[in-house]
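Q: model the following, please.
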Amino acid sequence: MKFQKNLLKKEGEIYEKFNKYLKENIPKYLDSKDYKNYLKKEINEIKKDLTENDEVKIYIRKKDKDIIDISNFEITFNDDIVGGFYIIKNKNIKYDCTLKSKIEENSEYIGYLLKETLNSKEGVDIES
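A: Just a heads-up that it's a prediction; the model follows:
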């Protein structure tokens, strides 16, 4: 019982450290070449699914507008988006390429990695 309680405590600590890491490093990422490449890759993938007849509205941070070619889209600036963008196609199909959605999509995998780290006990003192 004590082991399980300590394990849950360590999981919480690692989760908190991970969230702190994200909060500290996302702003750095948003200024990086990798982020610009991410935006370009995502928009190019979506463009493959669009036709000239599609009504396309993009929601993007004002700061990101010049990174990708969105000249054929109706643009709405939304600085509440931490990073990335989302697109509404024909008023009913949403492509969500925000960083928040990518983190949420991968949360199970992130949780798995956290548990694996704990289970391997590398650098984690479960008994304390």
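
Q: any idea how far stretch 47-66 is from the chain center?
A: Its chain's C-alpha centre lies 18 Å from the corresponding centre of stretch 47-66 when counted by CA atoms, centre = their mean, to the nearest Å.

Q: what's the average pLDDT for that stretch?
A: For stretch 47-66, the mean pLDDT works out to 94.

Q: skip ahead from the lengthiest helix in the chain and say which helix or strand is next.
A: For the chain, the helix with the greatest residue count under DSSP state H is helix 2-30. Taking DSSP states H and E as the definition, the helix or strand that follows helix 2-30 towards the C-terminus is helix 33-47.

Q: give me the distance from that following helix to the chain's centre.
A: On the basis of CA atoms, centre = their mean, helix 33-47 is displaced by 13 Å from the centre of the chain it belongs to.

Q: alpha carbons of that helix, in CSV - could you do that?
A: Extracted C-alpha coordinates of helix 33-47, given in CSV (Å, rounded to 0.1, in the frame of the first residue of the first chain):
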residue,chain,number,x,y,z
LYS,A,33,12.9,27.1,-36.8
ASP,A,34,11.3,23.8,-35.8
TYR,A,35,8.1,25.6,-35.0
LYS,A,36,8.1,27.3,-38.4
ASN,A,37,8.7,24.0,-40.1
TYR,A,38,5.9,22.5,-38.1
LEU,A,39,3.4,25.1,-39.3
LYS,A,40,4.5,24.7,-42.9
LYS,A,41,4.3,21.0,-42.8
GLU,A,42,0.8,21.1,-41.3
ILE,A,43,-0.6,23.7,-43.7
ASN,A,44,0.8,21.8,-46.7
GLU,A,45,-0.8,18.6,-45.5
ILE,A,46,-4.2,20.3,-45.2
LYS,A,47,-3.9,22.0,-48.5
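
Q: on that earlier part again, the longest helix of the chain to helix 33-47, inter-axis angle?
A: Here helix 2-30 runs at an angle of 90 degrees relative to helix 33-47 (axes from the mean of the first three to the mean of the last three CA atoms, to 10 degrees).
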